[in-house]
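Participant: Sequence and predicted structure below; questions after.
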Amino acid sequence: LMFPIHNIRGEVVGFSGRIMAEGQDPRKYVNTGDTVAFHKGSLLFGLFKATPHIARAGMTVVVCEGQLDVIACHEKADIRNAVAGLGTAFTDEHAKILHKYAQKAILCYDGDNAGIKASEKTFRKLAAAGMEVYMASLPPGEDPDSLIRSKGPEPLQEAIQNARPYLEVRCSWEKQNNSADANARAALIPRMAELAAEITDPIRRDVAVADLAVRLNAG
């Protein structure tokens with residue numbers, strides 16, 4: 001399944017292929033090789049269509065994991081400020097580009113352990129670029145595309161509308177999944193402090209640290 005990849009001016013500069021049949025290729029996505037016009041670490045799927053809607057959404061961008069999620073958001077749920085990387089790790093360049101158009105990012109990743117863990121790298125890049133980072137909580141095992149197909153657009157719209165600060169969501173997830181492990185609980189404080197340190201704005205960082213202190217002391 002082939003997706004044309006556009007630059008910010010709407011020009012097609014490459015293609016991304018989604019592997020649909022099992023056993024053909026271990027990679028989930030196969031992209032055009034890097035060229036002068038196409039560098040996957042600095043291109044975001046859907047950005048050229050999303051930019052006006054990012055502004056209308058209060059300078060807020062929704063960041064998904066894959067192209068199918070972005071298409072589903074735009075076409076089926078009227079969430080037209082959604083973008084995604086090209087099946088590769090979210091980069092510093094991606095974050096810098098997004099920060100040109102948005103002040104706040106809502107991560108809309110798979111609602112499972114792998115999605116929570118994968119979101120950490122994206123949070124680090126976006127927070128270091130100076131953006132506010134929130135996270136939408138999806139049901140376990142669901143991504144935006146599957147959630148829309150199974151339950152319609154409303155649950156996804158509500159999840160994005162009710163998105164909470166990333167560190168709040170991450171702290172709750174860590175406490176819920178590691179509450180029985182004393183060593184994991186002891187390691188949680190420095191881990192969350194390390195994530196909070198990625199926030200470059202000193203006021204937002206202080207607020208996040210104070211909020212985490214309350215949550216971590218709450219048992």
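Facilitator: Nice, thanks for sending it over.
Participant: Counting residues, name the longest strand you see in the protein.
Facilitator: Of all the segments of type strand in the chain, defined by DSSP state E, the longest one is strand 12-18.
Participant: which parts of the lowest-mean-pLDDT helix or strand in the chain are buried?
Facilitator: Of all helical and strand segments in the chain, the minimum by mean pLDDT, DSSP states H and E falls on strand 29-31, at a mean of 74. Across strand 29-31, burial judged by 16 or more other Cβ atoms under 10 Å covers Y29, N31. In this view, the C-beta of every residue, glycine as well, is placed from N, C-alpha and C.
Participant: okay, and for the chain, where does confidence drop off?
Facilitator: Along the chain, the model assigns pLDDT under 70 to residues 22-28, 87-88, 178-182, 218-219.
Participant: can you pull out the helices in it?
Facilitator: Secondary structure of the chain (DSSP state H): helices located at 47-56, 67-76, 92-101, 113-128, 144-151, 154-161, 166-178, 182-196, 202-216.
Participant: can you redo those as a markdown table with distance to Y29 and mean neighbour count?
Facilitator: Below are the helices of the chain laid out as a markdown table (distance: least, Cβ to Cβ, whole Å; neighbours: other Cβ atoms under 10 Å):
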| stretch | distance to Y29 | mean neighbour count |
| --- | --- | --- |
| helix 47-56 | 17 | 17 |
| helix 67-76 | 8 | 21 |
| helix 92-101 | 15 | 18 |
| helix 113-128 | 14 | 19 |
| helix 144-151 | 14 | 19 |
| helix 154-161 | 22 | 17 |
| helix 166-178 | 25 | 17 |
| helix 182-196 | 27 | 14 |
| helix 202-216 | 33 | 14 |
